[in-house]
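>>> The following comprises the amino acid sequence and a computationally predicted model.
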Amino acid sequence: MLFSPGWRAPVRQGEILAVFTAGLMLGGTVSATVIWLLSGLSAPLPSSVRTSAILGIAALGAARELGLLSLPLPQNARQIPQEILQTNLRRGSLQFGFELGTGVRTYVSSTAPYVLALALLLSHEPLAIALLTGAAFGTGRALSAALTYLSQDDDRAAVIATRIPHLKAATAAISLCALALLLL
């Protein structure tokens, strides 16, 4: 856990949160850059084919989140080892954030990041859009840690656990609607 109620480290938690957030944003940006580089492979496809594929993927993602479809996600279902944070707290927080930000070394339970990545891959947007999307992904992952840090509520984890299924379903449905409005 990045923050614990009995924090005793010589470094302030706010500083660690900032380093962790920088790592998340950097990791998201690196992943988005790789996706952007690979998106050139989809450029020869007609835009109508790419649009249909993006909307189809978003519909599959929404169906999965709503429980209408059982579809395993391609992921590395391992946790980042705790030793990363124990050697050097600042460097470890940056590395931990980077690895979470890339989304390739950790467990991602939501379909939305996969839909987003495939939409970036198929849409072949300009590099600036891909970089902003990657930074936004990292920022979104940082939001959870920031809210935990700021809440100072011992019951927060239980409350979030009950809301996550609803948030995932709402995110998938809203993503499908937003992509449909943007692409059609």
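Thanks, I have it. Everything numeric here is computed off the predicted structure, so don't read it as measured data. Residues are numbered from 1 along each chain as shown.

>>> I'd like the distance between residue 75 and residue 41.
22 Å (CB to CB, to the nearest Å). Heads up, the C-betas are built off the backbone N, CA and C, glycines and all.

>>> swap in residue 171?
27 Å.

>>> neighbour count winner among the two?
residue 171 (18 against 11; other CB atoms under 10 Å).

>>> mind checking how far the most centrally placed residue in the chain is from residue 36?
Centrality entry for the chain: nearest residue to the mean C-alpha point is residue 137, 4.7 Å, by CA atoms, centre = their mean. According to CB to CB, residue 137 stands 13 Å off from residue 36.

>>> same thing with residue 129?
Counting by CB to CB - residue 129 and residue 36 are separated by 8 Å.

>>> okay, and the common contacts of these two?
Between them, residue 129 and residue 36 have residue 120 as joint contacts when contacts are counted by CB atoms under 8 Å, 6 or more residues apart in numbering.

>>> Between the two, which is the more surrounded one?
residue 36 (21 against 14).

>>> Please report how far that one lies from residue 111.
21 Å.

>>> what's the burial count for residue 37?
12.

>>> just use 24 as the starting number from now, easier for me
Taking 24 as the first residue, the last one we looked at is residue 60.

>>> where's it, which helix or strand?
helix 36-62 (DSSP states H and E).

>>> Remind me what whichever helix or strand residue 167 is part of packs against, helices and strands.
Residue 167 belongs to helix 150-174 when elements are defined using DSSP H and E. Under the contact definition 3 or more CB pairs under 8 Å, 6 or more residues apart in numbering; DSSP states H and E, helix 150-174 sits against helix 36-62, helix 112-125, helix 135-146.

>>> I'd like those helices as CSV, with distance to residue 199 and mean pLDDT appended.
Shown next, in CSV, are these (distance: least, CB to CB, whole Å; pLDDT from 0 to 100):
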stretch, distance to residue 199, mean pLDDT
helix 36-62, 20, 92
helix 112-125, 24, 86
helix 135-146, 8, 90
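
>>> Which among these is found nearest to residue 73?
Closest to residue 73 of the helices and strands packed on helix 150-174 is helix 135-146 (CB to CB; 4.6 Å).

>>> In PDB, list the C-alpha atoms belonging to the closest one.
Extracted C-alpha coordinates of helix 135-146, given in PDB (Å, rounded to 0.1, in the frame of the first residue of the first chain):
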ATOM      1  CA  ALA A 135     -12.300   0.700 -20.500                       C
ATOM      2  CA  PRO A 136      -8.500   1.000 -20.800                       C
ATOM      3  CA  TYR A 137      -8.500  -1.800 -23.400                       C
ATOM      4  CA  VAL A 138     -11.200   0.000 -25.400                       C
ATOM      5  CA  LEU A 139      -9.300   3.200 -25.200                       C
ATOM      6  CA  ALA A 140      -6.000   1.600 -26.300                       C
ATOM      7  CA  LEU A 141      -7.700  -0.100 -29.300                       C
ATOM      8  CA  ALA A 142      -9.500   3.100 -30.200                       C
ATOM      9  CA  LEU A 143      -6.200   4.900 -30.200                       C
ATOM     10  CA  LEU A 144      -4.600   2.100 -32.300                       C
ATOM     11  CA  LEU A 145      -7.400   2.100 -34.900                       C
ATOM     12  CA  SER A 146      -8.100   5.800 -35.100                       C
END
